[in-house]
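Participant: Following is a predicted model, sequence given first.
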Amino acid sequence: MIGPVYAKKGDSKSFLESGGNTIDTSGAANPAPQTVYQSERNAGGAGSFAYTIPDLVPGSAYTVRLHFAEIYWTTAGQRIFNVSVNGVQVLSNFDIYAAAGGANKAIVEELTAVSDGNGQITLVYTTVKDNAKSSGIEVIGPLEPDPPPNTVSRYMKTTDQTTLYHEGCTAGTTASATITNYQAGIADNLIVLDFGQPTISGTANISGTYLLNNSFASTTDISLAAKQFLSGFWTCTRTAQNNPFLLLAIGVNNAYGALPLNGVGAETATAWAAHGTAWGNMVNNIESYVVNQGYSSQEAVVGAADIESGPTFGPLYLARAWVDAYSATPNNGYGYYDYGSADGCPPYGNCISDTRCPPGVTTAPSPGFCDWTQDGVWYVSWGAAAAFPLPEIYTPGTQPNPYGAQATEWQNMSLYAYTNHGHRIDFSGVLTQYQANLDNGGSPSATNKPAAGYNQLYRALSQDPRTSQTGDPRSLNPKPQYLTDITYQN
């Protein structure tokens, strides 16, 4: 409890007053001790006063309870004021007497506030009539949601159908034991199966991927494997009482170097678009299988793409060609989840550059056509018709940035979206690489466990009300719903 004697340092224009009035606290939820309401701090004719609450966890949500009682005026309309928290007005034309139903009656106004990057919450009380006042301030927290239980996603080395069936069964058994469906038809498990680098094989133009073992898998191979995974999940959840729902995301990356059309020549936007169309048609085919098998009460299928910038991955114009073609396929409402990164984007730079342009084009026709920009990353992760963001958050947080570089980049991306496109990015969830990192021997740059990655993004977004996502997944301000950790094990 922060009482009325918690004064802003150097503020000599506000006044502390007290009296012996008996306070009726029966109408207040969880009221403070009566002595809190028997005294007050008011503006004292200065027009406003402020409290800065220090030493909080930066970017974390807190419950703030504002305590009031009118101990001077005996009619409504005599004292009116506003209250703002971190620059956002939370009480407008507030009249204690009217809100409490009389004089000497306690009332508590409760709200959620997010501490700023310095770990502070600032409250400003501004007079409209007479003098703004406070009886007490209570700060509880930090408040954070429990991260959802994480699923296991996989970098695929095989399309062996027996293997995929057993992996689906394992996922179903785990989901049955740990995750409860909160609403029929809404997924509470998202699993990504990453089938690797896109390619079109030979002069026959057979679309597919290079798996992690560098073997070729056609979209037919991948489709059959995914269907077996779905069959395994369904079979091994039929006796579960909580009926876990699976959203299976069939993934590919945008690695450069394996998509020349007709098996020869340079990679072109035409080839990447052809692959995007083939991938969209494959997802449609797998979703039709789910419906025809009667699995749709517990399963759905979407696409997925690990879209990243830099020399290992492709330039922006090729990624956009794939994205636009995928989005244009029938039933693109199934969407795709971008589980990529925003490497080198603000506040650390202007996104990792990639100056490879189409053959014969030496100068990009427009900013961001070849080179990655914030707008390009925004487009492939959220701006495109079919895009949903599931960002990689695997880098640990360290002082002075407890959120880590990746969560910070994505929070800045969401703020960019709000500023330039009128709405924040609504992140669907988080993908971490904790097990994949262990599979590769362990690197200090990718040590986030799933809960740590989730909390980093949640806290980073909560720094700013324009990017904050703290509500129920079905609300207009949904917190990230999914959490998955990826492994190389097959």
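Facilitator: Ah, there it is. Numbers count the residues shown, from 1 in each chain.
Participant: residue closest to the middle of the protein?
Facilitator: In the chain, the centroid-proximal residue (CA atoms, centre = their mean) is residue 427; its distance is 3.3 Å.
Participant: Give me the local confidence score for that one.
Facilitator: We have a pLDDT of 97 for residue 427.
Participant: which residues of the stretch 1-150 of the chain score low on pLDDT?
Facilitator: Scanning the stretch 1-150 of the chain for pLDDT under 70 picks out the ranges 1-19, 57-59, 117, 143-144.
Participant: Low-confidence ranges, the stretch 301-450 of the chain, go.
Facilitator: 332-333, 353-369, 399-400.
Participant: where do the helices sit along it?
Facilitator: 316-328, 374-378, 405-421, 434-439, 450-462 (DSSP state H, counting those that start in this stretch).
Participant: And these: which comes nearest residue 38?
Facilitator: Among the helices of the stretch 301-450 of the chain, the nearest to residue 38 by CB to CB is helix 450-462 (35.3 Å). Using the backbone N, CA and C atoms, a C-beta is placed for each residue, glycine as well.
Participant: which other helices and strands contact the closest one?
Facilitator: Identification of packing neighbours for helix 450-462 by 3 or more CB pairs under 8 Å, 6 or more residues apart in numbering; DSSP states H and E yields helix 405-421, strand 429-432, strand 482-487.
Participant: what's the angle from it to strand 482-487?
Facilitator: Angle between the axes of helix 450-462 and strand 482-487 is 130 degrees (criterion: axes from the mean of the first three to the mean of the last three CA atoms, to 10 degrees).
Participant: out of the helices and strands packed on helix 450-462, deepest packed?
Facilitator: Most buried of the helices and strands packed on helix 450-462, by mean neighbour count (mean count of other CB atoms under 10 Å): strand 429-432, with a mean of 30.
Participant: Alpha carbons of that one, in CSV - could you do that?
Facilitator: C-alpha atoms of strand 429-432 as CSV (Å, rounded to 0.1, in the frame of the first residue of the first chain):
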residue,chain,number,x,y,z
GLY,A,429,2.4,-17.3,-30.0
VAL,A,430,6.1,-18.1,-29.6
LEU,A,431,8.4,-20.7,-31.0
THR,A,432,11.6,-21.4,-29.0
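Participant: so the residue nearest to the centre of the chain touches residue 389, yeah?
Facilitator: Yes: with contact defined as CB atoms under 8 Å, residue 427 counts as touching residue 389 (5.1 Å).
Participant: joint contacts of the two?
Facilitator: residue 410 (CB atoms under 8 Å, 6 or more residues apart in numbering).
Participant: Now do the helix ranked longest in the chain against helix 316-328, angle only.
Facilitator: When the chain is parsed with DSSP state H, its longest helix is helix 269-293. Orientation of helix 269-293 against helix 316-328 (the same axes, to 10 degrees) gives an angle of 30 degrees.
Participant: buried ones in helix 269-293?
Facilitator: Within helix 269-293, the residues that count as buried by 16 or more other CB atoms under 10 Å are 269, 271-284, 286-287, 289-290.
Participant: what mean pLDDT does that helix have?
Facilitator: For helix 269-293, the mean pLDDT works out to 94.
Participant: That one - contacts with which helices or strands?
Facilitator: strand 197-201, strand 206-210, helix 219-235, strand 246-253, strand 299-306, helix 316-328.
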